[in-house]
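**Student:** next one to model:
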Amino acid sequence: MKQSEIKKLTIAELQEKLGEYKKSYADLKMAHAIQPIEKPIQLRQVRRTVARLACELTKRELQ
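**Tutor:** Numbering: from 1, shown residues only. The predicted model follows:
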């Protein structure tokens, strides 16, 4: 998910997406621990998306 897409979301949508991506990251990490996944770059992409969402959420709450 790109930063431009994240900026268009509301706070409720940000929280919802953050939860979804955190769950997705945990599932990917578990799958990768059991057997190497086909595209390990997915782990990095999902982790960075989680960070982008969390950063934007924090930024909006502080305003």
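**Student:** quick one, what contacts the spatially most central residue of the chain?
**Tutor:** Central residue of the chain (Cα atoms, centre = their mean): Val50, 2.6 Å from the mean position. Residues near Val50 by Cβ atoms under 8 Å, 6 or more residues apart in numbering: 18, 21-22, 25. C-beta coordinates here come from the backbone N, C-alpha and C atoms, glycine included.
**Student:** next SSE downstream of the longest helix belonging to the chain?
**Tutor:** Ranked by residue count and defined by DSSP state H, the top helix of the chain is helix 11-34. Next helix or strand after helix 11-34 toward the C-terminus (DSSP states H and E): helix 41-62.
**Student:** relative to the whole chain's centre, how far out is that following helix?
**Tutor:** 5 Å (Cα atoms, centre = their mean, to the nearest Å).
**Student:** and that helix with helix 11-34, angle?
**Tutor:** If you take axes from the mean of the first three to the mean of the last three Cα atoms, to 10 degrees, helix 41-62 sits at 150 degrees to helix 11-34.
**Student:** buried residues, helix 41-62. List them.
**Tutor:** 46, 49-50, 52-53, 56-57 (16 or more other Cβ atoms under 10 Å).
**Student:** make CSV from these and add pLDDT and distance to Lys2 to it.
**Tutor:** Below are the buried residues of helix 41-62 laid out as CSV (pLDDT from 0 to 100; distance: Cβ to Cβ, whole Å):
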residue, pLDDT, distance to Lys2
Val46, 97, 14
Thr49, 97, 9
Val50, 98, 14
Arg52, 97, 8
Leu53, 97, 12
Glu56, 96, 12
Leu57, 95, 16
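**Student:** show me the contacts for Met53.
**Tutor:** Quick fix: residue 53 is Leu, not Met. 1, 6, 14, 17-18, 21.
**Student:** if we use 6 Å, what do you get?
**Tutor:** Contact partners of Leu53, counting by Cβ atoms under 6 Å, 6 or more residues apart in numbering, are 14, 17-18.
**Student:** cool, Lys17 as well?
**Tutor:** Lys17 neighbours (Cβ under 6 Å, 6+ apart): Leu53.
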